[in-house]
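# quick one: sequence and predicted model below, then my questions.
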Amino acid sequence: MLRTRAGYAGGTTESPTYRNIGDHTEAVSIDFDPTVVRYEDLLERFWEAHRCGSAGGQGQYMVAVFYHNEGQRKVAEKSRAKAAKKEGIAEAEVATKVLPLGSFTYAEAYHQKHYLTRHSDVREFLEETYPTAKELADSTVATRLNAFLGWGFERDGAVLEKEIGGYGLPEGLKKDVLARVRKP
């Protein structure tokens, strides 16, 4: 992943916020390099993360795949059909929607890079390096560190060790981060 951002998508309400979300849905925007990971692979991981027949909800907590263009729509619908078949349900029973993105609004700063809140020393350094909420949310370094320090990422210390030299972290913080990721 190049970048991930928390935000609000799919609605028409102007300037949605967590407290005034209107008709938007909480969403994650993902920037990825298609020469490294395919859109189909991202969708496969998405479908593995929940049961498509029971992942319902409306509005703020609706489960949906938002697409940017017709090509993504077709791929997303095909992957939804595959997920339904894998679960042994009819495609019409899939609660997860495939919808046009429309607009995406960044969530408030405290919603960005959630796992970094458990590592205040790392977050404080990144907030000094990326002084606005948008810069932090858009930071590939913050995205990668959030993933490595979070629980949902395959914590491969060797991958982090290769990358971390380019993150601009002070030497002591770099060593501390590597030690945290290597812990079982």
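The structure has been received and is ready for your questions.

# C-alpha only now, for contacts and for neighbours.
Noted.

# what's the following helix or strand after the least confident helix or strand in the chain by mean pLDDT?
None of the helices or strands of the chain scores lower by mean pLDDT, DSSP states H and E than helix 157-163, at a mean of 86. Using DSSP states H and E, the next helix or strand after helix 157-163 towards the C-terminus is helix 171-182.

# tell me where the model's unsure across this structure.
Low-confidence segments of the chain, defined by pLDDT under 70: 53-57, 151-155, 183-184.

# could you chop it up by domain?
Following automatic domain parsing, the chain resolves into domains at 3-106, 109-182.

# now the strands for the chain?
3-9, 25-31, 64-67, 97-100, 104-106 (DSSP state E).

# how far off centre is the second one?
Relative to the centre of its chain, strand 25-31 is centred 6 Å away, using C-alpha atoms, centre = their mean, to the nearest Å.

# same deal with the first one?
Per C-alpha atoms, centre = their mean, the displacement of strand 3-9 from the mean C-alpha position of its chain is 7 Å.

# same deal with the last one?
In terms of C-alpha atoms, centre = their mean, the centre of strand 104-106 is found 13 Å from the chain centre.
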